[in-house]
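Visitor: fold the following, please.
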Amino acid sequence: MHFREQGKVLQLIRTIYDPTVGRGRQSVVAKIPKHTYELPVDIEALLTPEERIQATDYLVTLKAGREKTTNSNTVDYGYVRIERIVTALQAGAKPSEPNTERLWAVIGRLQRALTKAGCARPKKAAKPAADEAPYTTGQEPGLTSLRSVSLSPAES
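Guide: Okay, the predicted model is just below:
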């Protein structure tokens, strides 16, 4: 049994050896929606027991792969949704009372899940000491302005 994704449909294809041609011929046994993870009963009746096992294994593997991709994308790009919430709150949007409670609960669960996953909270950047204050005049350390240097006639 072979499987082929065609648009929004998953085709279940059976290959039968044809001795007159000397090779296998493929025929589509059934079509199911692409995001179906269980075989419909009417399609199970069209398959042999071996094909049923192959199709079920394929659908389980397909579902696991899609869930892994979805979970990975959610974790990698979930911060975008959080940033949108922050932007909306800064713009003056107010969540309803039940949603406020849900937001705080989810934030707590997110912190615990990050800790459990081994994602350490980033350290805050150390503030520079007073003597290491950034230069605001646009000069590099140790350089003085030419205007502030007076040359005596002997040095010129």
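Visitor: three-state assignment of the residue minimising distance to the centre of the chain?
Guide: Residue closest to the mean C-alpha point of the chain, counted by CA atoms, centre = their mean, is residue 73 at 1.3 Å. Secondary structure for residue 73, judged by DSSP: H, G, I helix; E, B strand; the rest coil, is helix.
Visitor: quick check: it vs residue 66, distance?
Guide: Distance of residue 73 to residue 66, computed by CB to CB, to the nearest Å: 11 Å. Placement of C-beta: from N, CA and C, glycine included.
Visitor: quick one, strands of the chain?
Guide: Using DSSP state E, the strands of the chain run over 2-6, 9-18, 23-33.
Visitor: can you redo those as JSON lines with mean pLDDT and mean neighbour count?
Guide: JSON lines is the format used below for the strands of the chain (pLDDT from 0 to 100; neighbours: other CB atoms under 10 Å):
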{"stretch": "strand 2-6", "mean pLDDT": "93", "mean neighbour count": "12"}
{"stretch": "strand 9-18", "mean pLDDT": "93", "mean neighbour count": "14"}
{"stretch": "strand 23-33", "mean pLDDT": "93", "mean neighbour count": "13"}
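Visitor: among these, which is nearest residue 40?
Guide: Shortest distance between residue 40 and the strands of the chain, using CB to CB, is found for strand 23-33: 6.6 Å.
Visitor: show me what the closest one is packed against.
Guide: Applying 3 or more CB pairs under 8 Å, 6 or more residues apart in numbering; DSSP states H and E, one finds that strand 23-33 contacts strand 9-18, helix 41-44.
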